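Engineer: please find the sequence and the predicted model below.
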Amino acid sequence: MKTLLLVGVVLASATMAFAEPAPAVAVKSQTSCPIMGEGVNHKIFADYQGQRIYFCCKGCPAAFNKDPEKYMQKFKEQGITLEKTPVTGK
């Protein structure tokens, strides 16, 4: 019984040693404003449901806030991974 168990452990270890690692998932970051499509300015942003959304100009956050789910759906469709809202000491 011990021999059979040992053989099973050795085979399982050998299988794991030769298994290919899972491919890394590519992260597609936000590079354009969801409103205007221009490049983002990292000083202009809105935080929504724990995620940070960047915009190109000061007028775009107000447009985003009128229908945020519309833009969040676009991010999802485009495979864009948004940054997490930073945690502050407050």
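Structural biologist: Yep, it's here.

Engineer: C-alpha from now on. contacts and neighbour counts both.
Structural biologist: Noted.

Engineer: elements contacting the longest strand seen in the chain?
Structural biologist: Ranked by residue count and defined by DSSP state E, the top strand of the chain is strand 41-48. Applying 3 or more Cα pairs under 8 Å, 6 or more residues apart in numbering; DSSP states H and E, one finds that strand 41-48 contacts strand 51-55, helix 60-66.

Engineer: again, 6 Å this time
Structural biologist: strand 51-55 (3 or more Cα pairs under 6 Å, 6 or more residues apart in numbering; DSSP states H and E).

Engineer: what does stretch 38-57 rub up against?
Structural biologist: 31-33, 83-85 (Cα atoms under 6 Å, 6 or more residues apart in numbering).

Engineer: of those - the most surrounded one?
Structural biologist: Cys33 (20 neighbours; other Cα atoms under 10 Å).

Engineer: quick one: it from Thr88, how far?
Structural biologist: To Thr88, Cys33 is 25 Å away according to Cα to Cα, to the nearest Å.

Engineer: what's the answer for Asn41, then?
Structural biologist: In this view, Asn41 and Thr88 are 21 Å apart by Cα to Cα.

Engineer: what does Lys66 give?
Structural biologist: According to Cα to Cα, Lys66 stands 26 Å off from Thr88.

Engineer: who's more crowded, those two?
Structural biologist: Using other Cα under 10 Å, the more surrounded residue of Lys66 and Thr88 is Lys66, with 9 against 5.

Engineer: what kind of secondary structure is Lys76 in?
Structural biologist: Assigned by DSSP: H, G, I helix; E, B strand; the rest coil, the conformation of Lys76 is helix.

Engineer: confidence-wise, which helix or strand of this protein is lowest on average?
Structural biologist: helix 2-18 (a mean of 54; mean pLDDT, DSSP states H and E).
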